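>>> got a structure for you, letters missing:
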């Protein structure tokens, strides 16, 4: 790591600089504190055209070039802090393209409009990893990395299965620009998540000498409760079908510091899917948490007995004990229940809830109630509609997610996350792929892996995956509303069986509604506003206070009933012949379109000892009187030149769909390089007018074939002579 001389003097003067606790989650109990004036932003390589070229060809790597000709990857005004830096380079596990991490070059950081880079660091040092992960055998993990870019704040592609991340906070007071050398070829995907604060926020730009000991201690404590607690509620119960048990209840202010649940080791996924955790704050009728344990703890598809240890939630080392350590303050009361929604009895359910009484004192102006938004969407087709994980109005922040996706199509992982904050029409957060969001890469190479901030406890590219990520350092803050969506496949065109999700968030409790007149006929001022019964506007809709209605005359240009609506503008006149509107024509359904486009046996072609074909089936409806034309072309992803001869198919008129089959010969595909390809079906009228189109992604992977040994020429002649001699001997005996 290089600190340039102009900056070094200032660094020495600020050697003991630390951050305010509101900017870093060092005191975990402050996690519920809300910061609605803080904006969460992200720079990434997502495809600006809406396609799937999120980093394959370098199209969107650079946000511009600086005066040195370097590629700008981050450029934001301060005061702010980079909270998460993730990237990936090459799919080392499944491609012969050997792209080295070190080829990216040095990261240059320009703080506060400095003309020279304040810090310059090799990318492999930034993530404390090896420079060339393509070497076999791979070098051992590094132990020589410079602070603060060390574990547990950073992780490499072995830790995450495919991605590199850093949660080292990098503050900047006025401005920060980050560059890499221009001209990089091959893959590069990155997500750089930052927070931007109000302009009057005190901030000291990054020096490299910050005291991060509390943050490191928190990261190292994964699996143990980081919250203070003085009281404990514990028991072991059984639950009959449809039975609900209250496992904690308090009618005074306090804080739940943690929950642990124990299940019999042989119950697994089925029992966890039927056990619903319900939490109510301050007497609310609708619980803030109502979700199955399987969704919360990433066990809807398969319970991983080895489990995972996240900072805020996970499983104990025994594998059958679950913990939830999100701090949960409440101002009036709390009630925690567990419900058995299954048909069988749960013989043994153990729980341990740690808490403390007293008004929460978090040292912040306002805090939110802990909530979980549970969703379970089944039978999603490739209709282009994203999955909505959370959509809320209010003030709060997102602090984590857990999803379980059932699908036999690995392309579902091409979907990007999009997060819209405070009514924005474009997302403040737009990622580059589902596994990228969960800090992995390249479909996690089909291998499960977990870390203290994120992970994939289960992955099988023919069944689905379960993954989680904590937003402890990089929460998604919102002051008025938030919408969190994720694509299923590129542009949500990949069908799947189910998408189950749990979003962890804190939200400010809405203000208490003012008192109202509860009885409009008792002669009493119930709400103490000086107005009694029908004289109170609260009673305006009460039948006892209603006046006989005056009918609206629909053709006298007067407001007869005093509702400010005149003649035909008044709903009372909707049935009057003078106000009748002509019927609205009903549009005809589209008669010419592509209905479905499927690939079998898989969208991934592995070229090994045998060539495997891929068959595409396109279902087309032509319910018009004219012929149409279906064209099928095969492209390299991100390019426009077709690689195979175009297939043209005449679609004749008929009332039911026609099916066109198109076979991609494995022997032909084997001549192409490993990589991502696109098969596109385009529907046109006979005159070439565009009507509809569908695309499907195809991945080609090659495996090296064992060489067939060649026999030396003399040995060939000897073998042939031996055969002739044997035949002669056999014939001579007859």
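Great, that's in hand. Note that this is a predicted model, so its numbers are computed, not measured.

>>> per-residue confidence for the nearest residue to residue 518 once chain neighbours are set aside?
Ranked by CB to CB, 6 or more residues apart in numbering and with sequence neighbours excluded, the top spatial neighbour of residue 518 is residue 526, at 4.6 Å. (Glycine included, C-beta is placed from N, CA and C.) We have a pLDDT of 77 for residue 526.

>>> per-domain residue ranges of this structure.
Using automatic domain parsing, the domain ranges for the chain come out as 2-215, 221-363, 592-702.

>>> chain center to the longest one, what's the gap?
So the one you mean is domain 2-215. From the chain centre to the centre of domain 2-215 is a distance of 20 Å (CA atoms, centre = their mean, to the nearest Å).

>>> picking that back up, okay, now the residue nearest to residue 518: neighbour count?
18 (other CB atoms under 10 Å).

>>> tell me the secondary structure at it.
When classified by DSSP: H, G, I helix; E, B strand; the rest coil, residue 526 comes out as coil.

>>> low-confidence stretches in this protein?
1-25, 91-98, 265-267, 317-320, 511-515, 582-589, 608-611, 703-734 (pLDDT under 70).

>>> and the helices in it?
5-13, 123-126, 157-160, 213-220, 268-274, 293-296, 434-437, 666-669, 713-732 (DSSP state H).

>>> follow-up on the earlier one: pipe the domains of the chain into JSON lines and attach mean neighbour count and distance to residue 457 per row.
Formatted as JSON lines, the domains of the chain follow (neighbours: other CB atoms under 10 Å; distance: least, CB to CB, whole Å):
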{"stretch": "domain 2-215", "mean neighbour count": "18", "distance to residue 457": "12"}
{"stretch": "domain 221-363", "mean neighbour count": "18", "distance to residue 457": "4"}
{"stretch": "domain 592-702", "mean neighbour count": "16", "distance to residue 457": "23"}
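
>>> which one of those lies nearest to residue 472?
domain 2-215 (5.1 Å; CB to CB).

>>> thinking again about what came up before, in TSV: the domains of the chain, plus distance to residue 371.
As requested, the domains of the chain are exported to TSV (distance: least, CB to CB, whole Å):
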stretch	distance to residue 371
domain 2-215	11
domain 221-363	4
domain 592-702	36
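
>>> quick revisit: and the gap between the residue nearest to residue 518 and residue 314?
The gap separating residue 526 from residue 314 is 50 Å, by CB to CB, to the nearest Å.

>>> doesn't residue 277 make contact with residue 289?
Yes: Residue 289 is within contact range of residue 277, at 5.8 Å (criterion: CB atoms under 8 Å).

>>> give me the common contacts of the two.
Common neighbours of residue 289 and residue 277, using CB atoms under 8 Å, 6 or more residues apart in numbering, do not exist here.

>>> ok, back up a step: among the domains of the chain, which is nearest residue 473?
domain 2-215 (4.6 Å).

>>> thinking again about what came up before, show me the contacts for the residue nearest to residue 518.
By CB under 8 Å, 6+ apart, the contact list for residue 526 reads 515-519.

>>> please redo it, this time with the cut-off set to 10 Å
515-520, 532-533, 536, 538-539 (CB atoms under 10 Å, 6 or more residues apart in numbering).

>>> just flag the most distant two among these.
Greatest spatial distance among the contacts of residue 526 (CB to CB): 515 and 533, at 15.1 Å.
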